[in-house]
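Asks: make a model of this:
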Amino acid sequence: MSNETNSSEIDYMDMFGPISHDSEDTKTKAKRPGELKPVTTSKRNDTVFKHLFSKKEYAVKLLKTIAKLDYTVDDIEICETSILFQRFNDLSIKVKDEYFVFVEQQSTWNPNMPLRFFIYTADIYRTFLDHPHLYSESLVPLPSPQFYIIYNGKAKITEDILRLQSAFEKSKSHFLDLMAVVLDMNTVPDLPNKAKDDPLYGYTFLVNKAREYEQQGNSRDFSISQAIKDCQGSDILKDYLDSYFKEVANMLTVERMEELYIIGHETKGRKEGIKEGKIEGKIEGKIEGKIEAFLEVGFSIDDISDRLNLPKDEVLKICEENNLLKGD
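Replies: Take a look at the predicted model:
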């Protein structure tokens, strides 16, 4: 019997297979066409949003809230796709063979999200497609992509949808577009009650509480710790926070530092003519950006080491290599 693939009969699952949970390093394994990359549950650039919704029991609830997709944990796979500077998108969920749902959480407004989604999408399809099928005479079936931006920053926004078309300023294209739905979490009515049953609203409540305490003049550590305790006491994300109290506190601290760092440098950049996106790329993609952010607000090397889960010697080495200890 011939082993050649009949070009008129494409096996969908040959291209989009289930996620692998093998423990051995997948970089040393031959990846089956369409096999998803395993999810790593602990990364230095994890955010609370990513850490929370990379867990399937919370991801299915997120899908129901933002996309009205009602599926079980057995129907979905969590995957990651890398792009520039080894930056990972927040969340990509493969729903059976029907959808790829891309979700990004933003605390600072970024009108370039459609372009980033475009790159994520191309990368994920390139990774999961079986090369021979792409050049066959038959149409390659694809899961349909959906794009969502979860915005919980301070700036007031009016956009409900962002489109890639908007970036084509000199000449509008009728050939290419991408639409991303914007969900402004600042406009959620009756948030405290919704937060008890819905993890997205629970996450939003947690972040808002931490900001509220900080705005009242409390220290950042106290504000974050108390916000977590408030959620636990109100049965909001209780199981998750009981299991990951310290991790969540550390991640929220890093996120807040990054947010302030980006905002500060955007202001400075406007004054000094720094090219837009340079600082954002630094803070999002490189560990030295995070270390610099902590140093600028007075964190010690020991504290930075603890916050970023890095050995003190490694933090010092990064500081020396990037001249971050000026004047010391």
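Asks: mind checking the pLDDT average for the one helix or strand residue 246 maps to?
Replies: Assigned by DSSP states H and E, residue 246 belongs to helix 245-272. Mean pLDDT, helix 245-272: 73.
Asks: equivalent analysis for stretch 57-72, please.
Replies: Averaged across stretch 57-72, pLDDT comes to 96.
Asks: OK, contacts around the most centrally placed residue in the chain?
Replies: With distances taken as C-alpha atoms, centre = their mean, the chain has residue 90 as the residue nearest its mean C-alpha position (1.6 Å). Residue 90 sits next to 47, 49-50, 103-105 when contact means C-beta atoms under 8 Å, 6 or more residues apart in numbering. To be clear about C-beta, it is placed using only N, CA and C from the backbone, and glycine gets the same treatment.
Asks: likewise residue 221?
Replies: 249, 253.
Asks: tell me if it really is in a strand.
Replies: No - under DSSP: H, G, I helix; E, B strand; the rest coil, residue 221 falls outside any strand and is assigned helix.
Asks: now it: how far from residue 227?
Replies: Distance, residue 221 to residue 227, by C-beta to C-beta, to the nearest Å: 11 Å.
Asks: of the contacts of residue 90, closest to residue 117?
Replies: Distance to residue 117, by C-beta to C-beta, is smallest for residue 104 among the contacts of residue 90, at 7.4 Å.
Asks: next, work out how far apart the nearest residue to that closest one once chain neighbours are set aside and residue 122 are.
Replies: Ranked by C-beta to C-beta, 6 or more residues apart in numbering and with sequence neighbours excluded, the top spatial neighbour of residue 104 is residue 90, at 4.9 Å. Applying C-beta to C-beta, the value for residue 90 to residue 122 is 17 Å.
Asks: what do you get for residue 139?
Replies: Counting by C-beta to C-beta, the gap from residue 139 to residue 122 is 18 Å.
Asks: which residues in the protein form helices?
Replies: All helices of the chain, identified by DSSP state H, fall at 12-15, 48-53, 56-67, 113-128, 131-134, 191-194, 199-215, 220-233, 238-243, 245-272, 278-285, 287-296, 301-308, 312-321.
Asks: residue 248 contacts residue 48, doesn't it?
Replies: Yes - using C-beta atoms under 8 Å, residue 248 makes contact with residue 48 at a distance of 5.6 Å.
Asks: what's the overlap in contacts for the two?
Replies: Common neighbours of residue 248 and residue 48 (criterion: C-beta under 8 Å, 6+ apart): residue 206.
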